[in-house]
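Participant: What follows is a predicted protein model with its sequence.
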Amino acid sequence: MSRSKIDQQNPQSTTALLLQQTMDLYPPGTSTSCMPPFYFRDFTCSYCRLIQPPRTKHCHDCDKCVLQFDHHCVWLGTCIAKRNYCRFWWYIFEQTVLTVWTVAFYIQFFYLGIVVSWWKFAIGIVLLVALILILVVLLPLLIFHAYLALTNQTTYEIARRKRISYLREVPSRVHPFSKGICRNLYDLCISKQRGFFLEAVPPLEVLQARARPYTCRDVISCRCC
């Protein structure tokens with residue numbers, strides 16, 4: 001008998017198996033109890049009733065659970081998460097470069113002293129000020145998301161770190177899901193499994209070991225990479 005037929009005949013066993021596999025991704029002691037229904041409530045979305053792996057959050061705007069949820073972008077009308085985060089970063093980078101180029105173009109225009117009518121000159125000043133204000137927002141946003149990409153973090157995890165059960169005991173300077181800069185970027189932008197790979201929360205002992213200060217040997221051996 002095929003696995004699909006077994007799953008259809010006994011859906012409760014399939015749910016229990018998925019629940020157990022999901023629980024194995026969390027460190028021991030994360031749930032309030034190892035007996036139902038407590039752990040089931042802890043690892044199940046209260047809105048769509050799906051079993052949530054680590055780094056998953058229910059988006060109320062999209063009305064679905066999103067893996068490695070970063071934020072819901074109102075400008076793009078979609079969630080920024082694991083599968084589209086790399087493209088989102090490059091989108092911000094492109095907009096930042098375009099804004100810098102346009103600001104430089106306007107500055108050169110005024111520097112050359114090209115004679116134009118007063119209303120065109122006024123419009124140019126207004127546009128230049130608006131572009132500078134946009135750049136003030138875009139550049140820090142680009143740097144912030146570059147930092148998140150290099151350390152394998154999300155905006156939601158940073159903002160809600162004390163409220164996420166499996167991150168409360170993690171030392172503040174430790175990035176629990178980071179595998180080093182090179183591997184983080186590879187998993188984010190190149191790996192074919194980037195949209196489907198489920199990350200387990202490392203044990204607390206491993207995270208505490210990461211909290212120790214860097215030594216010369218760590219720098220030589222590229223511990224951060």
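Facilitator: Looks like it came in fine.
Participant: other SSEs contacting the lengthiest helix in the chain?
Facilitator: In the chain, ranked by residue count with DSSP state H as the criterion, the top helix is helix 118-151. Contact partners of helix 118-151 among helices and strands, from 3 or more C-beta pairs under 8 Å, 6 or more residues apart in numbering; DSSP states H and E: helix 85-112, helix 181-189. All C-beta atoms are positioned from the backbone trio N, CA, C, and that covers glycine.
Participant: I'd like those helices as CSV, with mean neighbour count and distance to residue 118 appended.
Facilitator: Formatted as CSV, the entries for the helices and strands packed on helix 118-151 read as follows, by neighbours: other C-beta atoms under 10 Å; distance: least, C-beta to C-beta, whole Å:
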stretch, mean neighbour count, distance to residue 118
helix 85-112, 14, 14
helix 181-189, 16, 49
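Participant: Got the confidence number for the residue minimising distance to the centre of the chain?
Facilitator: In the chain, the C-alpha nearest the mean C-alpha coordinate belongs to residue 154, at 3.0 Å (C-alpha atoms, centre = their mean). Reported pLDDT at residue 154 in the predicted model: 95.
Participant: so it sits right up against residue 66, yeah?
Facilitator: No: in this structure, residue 154 is not within contact of residue 66 by C-beta atoms under 8 Å, at 10.2 Å.
Participant: So which bits of the longest helix of the chain are buried?
Facilitator: For helix 118-151, the buried set under the neighbour-count rule, 16 or more other C-beta atoms under 10 Å, comprises 128, 131, 135, 138, 142, 145, 148-151.
Participant: Which members of those define the maximum pairwise distance?
Facilitator: Across the buried residues of helix 118-151, the longest distance by C-beta to C-beta is 35.1 Å; it joins 128 and 151.
Participant: Could you report the neighbour count for residue 44?
Facilitator: Neighbour count for residue 44, taken as other C-beta atoms under 10 Å: 18.
Participant: what's the closest non-adjacent residue to it?
Facilitator: The spatially closest residue to residue 44, leaving aside those adjacent along the chain, is residue 51, at 5.6 Å (C-beta to C-beta, 6 or more residues apart in numbering).
Participant: same question, residue 158
Facilitator: What sits nearest to residue 158 in space, not counting adjacent residues and going by C-beta to C-beta, 6+ apart, is residue 148, at 7.7 Å.
Participant: Pull up the per-residue confidence for that neighbour.
Facilitator: 95.
Participant: so it touches residue 156, yeah?
Facilitator: No: counting by C-beta under 8 Å, residue 148 does not reach residue 156; the two are 10.4 Å apart.
Participant: Show me whatever sits in contact with both of those two.
Facilitator: With contacts taken as C-beta atoms under 8 Å, 6 or more residues apart in numbering, the residues that reach both residue 148 and residue 156 are residue 70.
Participant: can I get the CA coordinates of stretch 65-85 in CSV?
Facilitator: Included here for stretch 65-85 are C-alpha records, laid out as CSV according to Å, rounded to 0.1, in the frame of the first residue of the first chain:
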residue,chain,number,x,y,z
CYS,A,65,1.7,31.1,7.9
VAL,A,66,4.9,32.3,6.3
LEU,A,67,8.3,30.5,6.8
GLN,A,68,11.1,32.7,8.0
PHE,A,69,8.8,35.7,8.1
ASP,A,70,10.5,39.1,7.9
HIS,A,71,7.7,41.6,7.5
HIS,A,72,4.7,42.3,5.3
CYS,A,73,5.5,45.0,2.8
VAL,A,74,2.6,47.3,2.1
TRP,A,75,4.3,48.8,-0.9
LEU,A,76,4.8,45.4,-2.7
GLY,A,77,1.6,43.9,-1.3
THR,A,78,3.3,40.7,-0.2
CYS,A,79,5.2,39.1,2.7
ILE,A,80,9.0,39.4,2.6
ALA,A,81,10.2,36.0,3.7
LYS,A,82,12.6,33.1,2.9
ARG,A,83,11.8,32.6,-0.7
ASN,A,84,11.8,36.2,-1.9
TYR,A,85,14.2,37.9,0.6
